[in-house]
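> Just need the structure, nothing else, for what follows:
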Amino acid sequence: MTWSVARTFPGDARSPSRARAFCVEQLAGVLGRRPAADELAEDARIITSELVTNAVQAGSEQIRYCMTLEDSQLRLDVHDDAGGVPVLRDGELSATYGRGLLITAALADDWGVEPAEGGKDVWAVLRV
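Just a heads-up that it's a prediction; the model follows:
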């Protein structure tokens, strides 16, 4: 089974919550409601929030969010048009700022950053 959905958000403070809601709604529609699906959706929701928040804080004007479910993997992609590259910081999960990639790395099976036309893609993969 291959499934993919995408949405574009403006680079403003409301976009992380809108992206979280979109993520959960879409995953509930494709995976249904069961404990394993709920756990996957919760991890995806948190990662989505962190990556979209990073894009907003980096000054992106437009953010493209895409979820792809293929085989046994869910890939979350956030494309932003801001300069710079996010960096995984050494720090505590209890810190109040700068821990988005730390949280992403803790929850995801893999993640990364790739240059892309007009910006960059930050992605994370979760096993289904």
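
> hey, which helix is longest across this structure?
helix 35-57 (DSSP state H).

> For that one, list every residue counted as buried.
40-41, 43-57 (16 or more other CB atoms under 10 Å). All C-beta spots, glycine's among them, are computed from the backbone N, C-alpha and C.

> I'd like the next helix or strand past it.
With elements assigned by DSSP states H and E, the helix or strand that comes after helix 35-57 is strand 62-70.

> Show me what that next one is packed up against.
Where contact means 3 or more CB pairs under 8 Å, 6 or more residues apart in numbering; DSSP states H and E, strand 62-70 is packed against strand 2-10, helix 15-31, helix 35-57, strand 73-80.

> Give me the buried positions along that strand.
62-69.

> And the contacts of that strand?
Defining contact as CB atoms under 8 Å, 6 or more residues apart in numbering, one finds that strand 62-70 is touched by 1-11, 15, 19, 22-23, 26-27, 30, 44, 48, 52, 55-56, 74-81, 128.

> of those, buried ones?
Of the contacts of strand 62-70, these count as buried by 16+ other CB under 10 Å: 5, 9, 11, 15, 19, 22-23, 26-27, 44, 48, 52, 55-56, 74-81.
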